[in-house]
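*Asks:* Prediction below, plus the sequence it came from.
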Amino acid sequence: MNKEELYHKLKTLLTGKLILLSDKPEETIDSTLMALWHAASDSPKSVEEAVKLSLPELTQDEIDNLEELIKQRLNDIPLAHITGRQSFMGIELLTDRRALIPRKETEILGRKALELSMNIAREKNKVKVIDVCCGAGNLGLAIAHFNINAIVAASDLSQEAVDLTHDNISFLKLGERIKATQGDLFSAFETDDYFGKTDLIICNPPYISSAKVPKMISEISENEPVLAFDGGMLGTKIILRLIGEAPKFLTSGGWVVFEIGLGQGPFIKQLCERSEFYDMVETVLDDSGNVRVIQARKL
Ligand SMILES: C[S@@+](CC[C@H](N)C(=O)[O-])C[C@H]1O[C@@H](n2cnc3c(N)ncnc32)[C@H](O)[C@@H]1O
């Protein structure tokens, strides 16, 4: 069987069986097959990277391997766990069960945070950034990668997530400008190095209500950490702490910028506007007009 015939046969196998999730819009039947194909040939790529490359010829062992990987995917193992790769803002990252798979929608936050970091660096030459709830480290790493004037400190309550962030820091060779520490929200930063000296705080917090977490689709609930989703009874537990605690660490004119869940926009925006600590509050919408990011400036 030649390459085209094999591709057609395996695509038919996936069609109608593969469940595609709306929060991973980059995954289609074709892109999934291409990513699995590269993984089977021992050249793992994120799905977004895989679609840009031509498919290598496979040996019989690699074809057997590919058929096994397809089985795993049809058994709801996330594609990014099979390939061990996920693209975030165009950067290839390592990914596994230790942390949330970075989502496309979080690039809205990533792009806004990068823009703010660039503006600050233009004024001050350097920009000091904290990424709390860092997970795989995607947000802090993207800032460190694209803004050479950024110094980033990342933190997560989960030691496993911090370990994955460390792996990603080494993978991207960014160890000179980003470090990661385990801790509850800001607890790793309770020192004079950070009090009133942080230019930008980034956070993609857990924001799903506790009652909704067990009802999430099994591909997610069985493979990604609950801690990454559970935002307490109303989903806003960590967001409220973030809004309350961030000012202690920010410079005057510094920003806290964070992702929120669908429908949380009006309440959270109002909360920031009523806070005595912020003098400017702005929102960023997704393509459907939903508020997905809030940024608030310290007075
Ligand atoms: C939605 S995930 C975001 C991960 C990553 N920043 C991203 O954008 O993909 C939320 C993260 O918050 C972490 N987390 C939950 N509660 C926390 C807390 N109290 N303090 C610090 N991190 C926490 C979880 O372990 C998880 O890694």
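*Replies:* Yep, that arrived.

*Asks:* from here on, contacts and neighbour counts on C-alpha atoms
*Replies:* Will do.

*Asks:* Going by neighbour count, list what's buried in the helix or strand hosting Ile238.
*Replies:* Taking DSSP states H and E as the criterion, Ile238 maps to helix 237-249. Buried positions in helix 237-249, judged by neighbour count with 16 or more other Cα atoms under 10 Å: Lys237, Ile238, Ile239, Leu242, Ile243, Ala246, Pro247, Lys248, Phe249.

*Asks:* outside of that helix, which residues touch it?
*Replies:* Contacting residues not belonging to helix 237-249 are listed as 185-186, 194-198, 201, 205-207, 231, 256, 272, 277, 298 [Cα atoms under 8 Å, 6 or more residues apart in numbering].

*Asks:* C-terminal to it, which secondary structure element comes first?
*Replies:* On the C-terminal side of helix 237-249, the closest following helix or strand by DSSP H and E is strand 250-259.

*Asks:* hang on, the earlier thing: for the ligand, state which of the contacts of helix 237-249 is nearest.
*Replies:* Nearest to the ligand out of these is Leu185 (Cα to the nearest ligand atom; 3.6 Å).

*Asks:* The closest one: neighbouring residues, count only.
*Replies:* 21 (other Cα atoms under 10 Å).

*Asks:* How about it: what's its closest non-neighbour residue?
*Replies:* Distances taken as Cα to Cα, 6 or more residues apart in numbering put Val132 closest to Leu185, at 6.0 Å, once the chain neighbours are dropped.

*Asks:* pretty sure that neighbour is in contact with Pro206, am I right?
*Replies:* No. Contact criterion Cα atoms under 8 Å: Val132 and Pro206 do not qualify, at 11.0 Å.

*Asks:* Pick out whichever of these two has more residues nearby.
*Replies:* In this view Val132 and Pro206 are compared by other Cα under 10 Å, and Val132 has more residues nearby, 31 against 22.

*Asks:* do you know how far the more buried one is from Ser43?
*Replies:* Val132 sits 32 Å away from Ser43, taking Cα to Cα, to the nearest Å as the criterion.

*Asks:* now do Ser187
*Replies:* In terms of Cα to Cα, Ser187 sits 39 Å off from Ser43.

*Asks:* With Asn168 instead?
*Replies:* Separation of Asn168 from Ser43 (Cα to Cα): 17 Å.

*Asks:* what do you get for Ser210?
*Replies:* In terms of Cα to Cα, Ser210 sits 38 Å off from Ser43.

*Asks:* and if you look at Asn75?
*Replies:* The gap separating Asn75 from Ser43 is 22 Å, by Cα to Cα.

*Asks:* what does Asp287 give?
*Replies:* The spacing between Asp287 and Ser43, counted by Cα to Cα, is 34 Å.

*Asks:* Likewise for Thr236?
*Replies:* Applying Cα to Cα, the value for Thr236 to Ser43 is 40 Å.

*Asks:* Just want to know which of those two has more residues nearby.
*Replies:* A direct count of neighbours by other Cα under 10 Å for Thr236 and Ser43 places Thr236 higher, at 21 against 13.

*Asks:* Phi and psi next, for the more buried one.
*Replies:* Dihedral pair for Thr236: phi -110, psi 10, per degrees, to the nearest 10.
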